[in-house]
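Undergrad: build the 3D model from these lines:
(chains A and B)
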Amino acid sequence: MYMWLSSIRLGFPRKCIHPTQNNHNRLIFAHGGSGGGSFKWASSQAALALWNSSSSHSDESSDDNSVTVCTTNVATNGANRTHCFSELDTSGVVSKLNCLRNEPNLAISFFHRVKGDGFRHNVYTYSALIRILCCWGLDRKLDSLFVNLINCCEDLEFEISDLMEAIEEGIEVSPSMIRAYDALLKSFVSLNMFDEAIDVLFQTKRRGFVPHIFTSNFLMNRLVEHSKVDMAVAIYKQLKRIGMNPNDYTYAIVIKGLCKKGSLEEAVEVFQEMQEAGVTPSAFAYTAYIEGLCTNHRPDLGYQVLQACHGENVLIDVYAYNAVIRGFCNEMKFDEAESILLDMEKRGLVPDSYTYSVMICGYCKSSKLLKALALHNDMESKGIKTNCVIVSLILQCMCNMGMPSEAVDQFREYKSLGIYLDEVSYNIAVDAFCKLGKMEQALELLEEMKCKHMVLDIMHYTTLIKGYFLQGHVVEAASFLKEMKEKGLKPDITTYNVLDLLDYMGAHGFKPDSVTHNMIIENLCVGGKVKEAEAFLYSLEYKNADTYSAMVNGYCEANHTKEAYELLIRLAKQGTLVKQGLALKYSVNFV
DNA sequence: ATAGGGTTAG
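TA: I've put the predicted structure just below:
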């Protein structure tokens, strides 16, 4: 299969990606200080650079400290003492926790109870509890404990690194300790604190072990999701170098990351690395590559790989098919997309709501409303429930095609059918009412949202402000702007474009720029006021290509296809170049 | 104990 993959011609320049070989297998404890460090390094990039540059001296001296010794002492000393809650000292709490080590739930509630009684937990009491949680494999409790610890970092009287040292109890490496480090690393990752998470990785290696492969995968995957692909790849290379075995999912993450960067050739080489490591590529890896090809505008290749997977008996699921269908839709190749939908069903895979939403999205973006509606029907007749994302696509399509009243009707119907409609769906409906000049109904919808405890954001306010403005109701527009600001929402660029119009209305001289012109022209057309838009256009002293583009666009939105076409021709004859894409939009509307 | 996709103003 690898041979086959590399035989696909990607048409991209080949780059050498082999990492510079490095013979040092040791991981460096990057900040070199003693006492285990603070988990607060300048940057993980710097840390990784250090890690990869490596050096031969170790840092053993910092392992020696007195904290771990006294943990045990405190525990033993306190063991024979009877204690009541009035006597809340560290040794009392630790020994009670140790007594409860076979009753983890009691230990947890004791821990919380004394906290409620005003006791401030410290490294000794925390480590006593954490050791119990680790012993019992209570990973979820462990995770939430660490997440809380990290979130309350400011109020703690100790550094988390001190706590980790205390957990070690002076023993070399214990399974409990590994669990604790895994939980800490995972917690940092789940809070998107990647620098700190990578620091933990250093700490573990320094102590002579590595986190569980699942934990490393979790870290790398999140790094990729946050577009920190180079960091993820650096960790992958380092893990391999220090002798840790990546699993099939590790490779899939690397493939996904490289594709995200657009490095398709390098992604293929990962398949070779898998082969060399004797790991059979799983569906994870192939799906990552298929999706990567599709998002890099090669759905044709993505589909080839998908079909090859069938030949190799790699289990391909609906997700992979959806990726390929989306790829073809993004390239406007709807026939291919439809035939893949059929192929998928022939193979016994059942399309899901994502499959349909991908297709419907494609049709809506190309103003093929009837196609979109037909698919929506197909979907529902197959018993697949629709949802607010699909509904929003359709409503938006209607608005874009100059059918705000149809959008409003559909919105009402979907609502009466009991379909949950979210903030986005509402915004589209509010916009549609504004375009129809039905401001009271627009307001009603927003009130309805407030009743349902939905959050109004900048978009909702901007839509409404623009709506009032276009009706010439400057006072109302201004008052909603005020309400928006009072709610702490900052107007963004779009809002300011609307505000520019307010200034213009306020007779502050006639100096709108072309953006303003475009908005006036297009919105007049959307509202069906094509004649007014024309009058406005021809009243302008200075007209440029953008102004004319807005008019062509406006004609299209108002379904005045003939006028749009005629204007296009006239412009072409006089050598005015209108924006790319308009002709396309025109032709799509015409079909 | 490691995954995953879609929509909104201009």
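Undergrad: make it CA atoms for all contacts and neighbour counts henceforth
TA: Will do.
Undergrad: which residues of chain A fall in strands?
TA: Applying DSSP state E to chain A gives no strands.
Undergrad: gap between the longest helix along it and the chain center?
TA: Using DSSP state H, we find that the single longest helix of chain A is helix A:175-190. In this view, helix A:175-190 has its centroid 24 Å away from the chain centroid, taken as C-alpha atoms, centre = their mean, to the nearest Å.
Undergrad: so it, near DNA strand B or not?
TA: Yes - contact of helix A:175-190 with DNA strand B is found when judged by C-alpha under 7 Å from any atom of the strand, involving A:179, A:182-183.
Undergrad: same list (those residues) but as JSON lines, adding neighbour count and pLDDT.
TA: Listed next are the residues of helix A:175-190 next to DNA strand B as JSON lines, based on neighbours: other C-alpha atoms under 10 Å; pLDDT from 0 to 100:
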{"residue": "A:Arg179", "neighbour count": "22", "pLDDT": "89"}
{"residue": "A:Asp182", "neighbour count": "25", "pLDDT": "93"}
{"residue": "A:Ala183", "neighbour count": "24", "pLDDT": "94"}
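Undergrad: let me know the pLDDT of the residue nearest the centre of chain A.
TA: In chain A, the centroid-proximal residue (C-alpha atoms, centre = their mean) is A:Glu225; its distance is 6.6 Å. Per-residue confidence (pLDDT) for A:Glu225: 95.
Undergrad: please report the distance of it from DNA strand B.
TA: Computed with C-alpha to the nearest atom of the strand, to the nearest Å, the distance linking A:Glu225 and DNA strand B is 7 Å.
Undergrad: try A:Leu163
TA: Between A:Leu163 and DNA strand B the computed distance is 19 Å (C-alpha to the nearest atom of the strand).
Undergrad: which residues does the spatially closest residue to that residue that is not a sequence neighbour contact?
TA: Nearest residue to A:Leu163, sequence neighbours excluded (C-alpha to C-alpha, 6 or more residues apart in numbering): A:Val123, at 5.0 Å. Contacts for A:Val123 (C-alpha atoms under 8 Å, 6 or more residues apart in numbering) come out as A:158, A:162-163, A:166.
Undergrad: DNA strand B: which of these is nearest?
TA: Set against DNA strand B, the nearest of the contacts of A:Val123 by C-alpha to the nearest atom of the strand is A:Leu163 (18.7 Å).
Undergrad: how about the residues of the stretch 201-350 of chain A near DNA strand B?
TA: A:211-215, A:217-218, A:221-222, A:225, A:249-250, A:283-284, A:287-288, A:317-320, A:322-323.
Undergrad: may I see the buried residues of stretch A:472-490?
TA: Neighbour-count burial for stretch A:472-490, counted by 16 or more other C-alpha atoms under 10 Å, picks out A:474, A:477-478, A:480-481, A:484.
Undergrad: least confident pick among the residues you listed?
TA: Ranking those by pLDDT, A:Val474 lands last with 72.
Undergrad: so that residue makes contact with A:Leu464?
TA: No - judged on C-alpha atoms under 8 Å, A:Val474 makes no contact with A:Leu464 at a distance of 11.6 Å.
Undergrad: for stretch A:420-436, which positions count as buried?
TA: A:421-436.
Undergrad: please read the previous query as pertaining to stretch A:233-248.
TA: A:233-236, A:238-239, A:241, A:244, A:246-248.
Undergrad: just stretch A:361-370 next, same as before
TA: For stretch A:361-370, by 16+ other C-alpha under 10 Å, it's A:361-369.
Undergrad: try stretch A:329-343
TA: A:329-330, A:334, A:336-337, A:340-341.
Undergrad: which among the residues you listed gets closest to DNA strand B?
TA: Nearest to DNA strand B among these, with distances taken as C-alpha to the nearest atom of the strand, is A:Asn330, at 9.8 Å.
Undergrad: and the closest one, what does it touch?
TA: A:Gly362.
Undergrad: what sits up against stretch A:245-253?
TA: Taking contacts as C-alpha under 8 Å, 6+ apart, the residues outside stretch A:245-253 that touch it are A:213, A:217, A:220-221, A:224, A:236, A:239-240, A:270-271, A:274, A:279-282, A:284-286, A:288.
Undergrad: again, only this time at 10 Å
TA: A:213-214, A:216-218, A:220-225, A:229, A:232-233, A:236-237, A:239-240, A:255-259, A:267, A:270-271, A:273-274, A:277, A:279-289 (C-alpha atoms under 10 Å, 6 or more residues apart in numbering).
Undergrad: list buried residues within those residues.
TA: Buried among the contacts of stretch A:245-253 by 16+ other C-alpha under 10 Å: A:213, A:216-218, A:220-224, A:229, A:232-233, A:236, A:239, A:255-259, A:267, A:270-271, A:274, A:279, A:281-289.
Undergrad: narrow the residues you listed to those in helices?
TA: Reading helices off the buried ones among the contacts of stretch A:245-253 with DSSP H, I get A:213, A:216-218, A:220-224, A:229, A:232-233, A:236, A:239, A:255-259, A:267, A:270-271, A:274, A:283-289.
Undergrad: ok, A:Thr112 - how many residues close by?
TA: For residue A:112 the amino acid is His, not Thr. By the measure other C-alpha atoms under 10 Å, the count of residues near A:His112 is 13.
Undergrad: identify the residue spatially nearest to A:Ser282, adjacent ones excluded.
TA: According to C-alpha to C-alpha, 6+ apart, the nearest residue to A:Ser282 is A:Asp248 (6.2 Å).
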